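Participant: have a look at this prediction, sequence included:
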Amino acid sequence: MKQETIDRIRKFTEDRDWDQFHSPANLAKSIVIEASELLECFQWSDEEYDLEHVKEELADVMVYSQNMLDKLGLDADEIINSKMDQNEAKYPTQKAKGKSDKYDKL
């Protein structure tokens, strides 16, 4: 995410004094709630959905995720790259390519 977008999220939260409500638990709940609303966009069809609504719900998930990163003092690139290292070890290309099996079934 661009730094100016991150700064905008932070300013939005700061201007409204909402950090007081952003405990890690509350943010985790909010992420799950918004992710459920994103899933609801596909409730009745995998092909027919409102892209604008999907974008809005996905943005909500991302905003709350950035708030969680801030609250916990985490860097998105650092934690994503750490997780990608783990995923690459669990799902080597030669075993996982074209398969949806869980790592312990490869």
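Facilitator: Received it, and whenever you're ready, just let me know what you need.
Participant: any idea how many residues pack against residue 87?
Facilitator: Under the neighbour criterion other Cβ atoms under 10 Å, residue 87 is assigned a count of 11. C-betas here are computed from N, CA, C, even on glycine.
Participant: repeat for the one 10 residues further on
Facilitator: Per other Cβ under 10 Å, the neighbour tally for residue 97 reads 8.
Participant: also residue 46?
Facilitator: By other Cβ under 10 Å, 7 other residues sit near residue 46.
Participant: skipping its backbone neighbours, what lies nearest residue 13 in space?
Facilitator: Nearest in space to residue 13, with sequence neighbours left out and distances taken as Cβ to Cβ, 6 or more residues apart in numbering, is residue 19 at 5.8 Å.
Participant: now that neighbour: how far from residue 64?
Facilitator: Remark: distance between residue 19 and residue 64 (Cβ to Cβ, to the nearest Å) = 13 Å.
Participant: what does residue 103 give?
Facilitator: Applying Cβ to Cβ to residue 103 and residue 64 gives a distance of 28 Å.
Participant: so for the two, which sits in the more crowded spot?
Facilitator: residue 64 (22 against 13).
Participant: for the helix ranked longest in the chain, which helices and strands make contact with it?
Facilitator: Ranked by residue count under DSSP state H, the longest helix found in the chain is helix 51-72. Counting contacts by 3 or more Cβ pairs under 8 Å, 6 or more residues apart in numbering; DSSP states H and E, the secondary-structure elements packed against helix 51-72 are helix 3-15, helix 24-40, helix 76-90.
Participant: and stretch 36-48, how far out from the chain middle?
Facilitator: 17 Å (Cα atoms, centre = their mean, to the nearest Å).
Participant: pLDDT of it, averaged?
Facilitator: For stretch 36-48, mean pLDDT rounds to 97.
Participant: what lies in contact with it?
Facilitator: Stretch 36-48 has contacts (Cβ atoms under 8 Å, 6 or more residues apart in numbering) with 49-50, 53-54, 57-58, 60-61.
Participant: tell me which residues of that stretch come out buried.
Facilitator: Of the residues in stretch 36-48, those with enough neighbours to count as buried (16 or more other Cβ atoms under 10 Å) are 37-38, 41.
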